[in-house]
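S.K.: sequence first, then the predicted structure:
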Amino acid sequence: MSLTTRLEVIDVAPRIASEIRTDLDTLLSGRESQHIRAVLEQRGVVFVRGLDITDEQQVTIARTLGKLVANEGDGGIYKISLDKNVNQKADYLKGSMFWHFDGSLQPYPNLATLLRAITLSEVGGETEFCNTYAAYDDLPQSDKELIADLRVVHSAERSQYYVRPEMSYEELSLWQKSPTKACPIVWTHRSGRKSLLLGATADYVIGLPVEDSRALLARLRDWATQPQYVYRHRWQPGDLLIWDNTGTMHRVLPYDENSGRLMHRTILAGEEPLH
Ligand code: OGA
Ligand code: MN
């Protein structure tokens, strides 16, 4: 009996991202879901091109890979757009133009996100990802020791400074109402693998003088976003891309809020607490 492979994995860069070539039936059936999850964890980003799928099929595929986050979007589909008529939180979404991972303020950061390109912008709108496992692995031993026990306070307020550098007192007070959360810089996962936790919500390192804290966070972000850890996805309509939100950071390159860019997003619930 010959077993035909229904799924082919093509690495697009040495340290991050693979294209998966398969057919829609295979994705919908879930028979390769363990395989896809393993590739996702190893490669940080996987994507499938050229499948013409519906929202329902996107959600079905997501369900083969994990548990959906309850109350996210309409029937499991959340619209990513900078147009306020499409998404009322468009202003908040502008924060996604800066390196981040999703759910940094949640007890269980999302496991993974599925993003499907519906309408693209003519200019900009590519999404970049960096592999924070690979970036950690390559750190000099001295840095690994330096950051081993350090913790960072994450806040929504901090990430808003990127979007609106001169917030009014009222705006700032509003953001300060959102609870902050302390996270380690190094996430030791159940698997034993370690990744870096940084991003736009990372406000300050507990116990360090302000300048040292800012310098360390910038230095580690620069390190983690070096070209060898980064993959830039140039979207084609219909692309379905999945990122491992626990082992990558991402950002979207600037695009016009009137460009019509629209992505449909489905989120998988985190399976590992972060504390
Ligand atoms: C997100 C996000 C990037 C993009 O959905 O969390 O950051 O390319 N999106 O729209
Ligand atoms: Mn995001």
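M.R.: Yep, that arrived. Numbering: from 1, shown residues only. Ligands and ions are numbered 1, 2, ... in the order given.
S.K.: so how far is stretch 260-275 off the chain centroid?
M.R.: 7 Å (CA atoms, centre = their mean, to the nearest Å).
S.K.: for it, buried residues please.
M.R.: 260-270, 274 (16 or more other CB atoms under 10 Å). Placement of C-beta: from N, CA and C, glycine included.
S.K.: and the two most separated of those residues?
M.R.: Farthest pair in the buried residues of stretch 260-275 (CB to CB) is Gly260 and Leu274. Separation: 35.5 Å.
S.K.: please list the residues of this structure that sit near ligand 1.
M.R.: 80, 96, 102, 113, 115, 127, 250, 252, 263, 265 (CB under 6 Å from any ligand atom).
S.K.: list the pairing partners of the strand or helix carrying the fourth one within its sheet, with orientation.
M.R.: Assigned by DSSP states H and E, Thr113 belongs to strand 112-119. Taking DSSP bridges as the criterion, strand 112-119 forms sheet pairs with strand 240-244 (antiparallel), strand 262-268 (antiparallel).
S.K.: please see if it touches ligand 2.
M.R.: No: figure legend: strand 112-119 not in contact with ligand 2 (CB under 5 Å from the ion); closest approach 7.1 Å.
S.K.: mind listing what's buried in that strand?
M.R.: Buried, per 16+ other CB under 10 Å, within strand 112-119: 112-118.
S.K.: state the pLDDT value of Glu72.
M.R.: Turning to Glu72, the model gives it a pLDDT of 82.
S.K.: tell me the contacts of it?
M.R.: By CB atoms under 8 Å, 6 or more residues apart in numbering, the contact set of Glu72 is 78, 266-267.
S.K.: 7 Å - rerun?
M.R.: Counting by CB atoms under 7 Å, 6 or more residues apart in numbering, Glu72 touches 78, 267.
S.K.: helices along the stretch 101-250 of the chain, start to end?
M.R.: 132-137, 141-147, 156-163, 169-176, 210-224 (DSSP state H, counting those that start in this stretch).
S.K.: reformat these as JSON lines; add distance to Ile16.
M.R.: Formatted as JSON lines, the helices of the stretch 101-250 of the chain follow (distance: least, CB to CB, whole Å):
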{"stretch": "helix 132-137", "distance to Ile16": "7"}
{"stretch": "helix 141-147", "distance to Ile16": "20"}
{"stretch": "helix 156-163", "distance to Ile16": "23"}
{"stretch": "helix 169-176", "distance to Ile16": "32"}
{"stretch": "helix 210-224", "distance to Ile16": "11"}
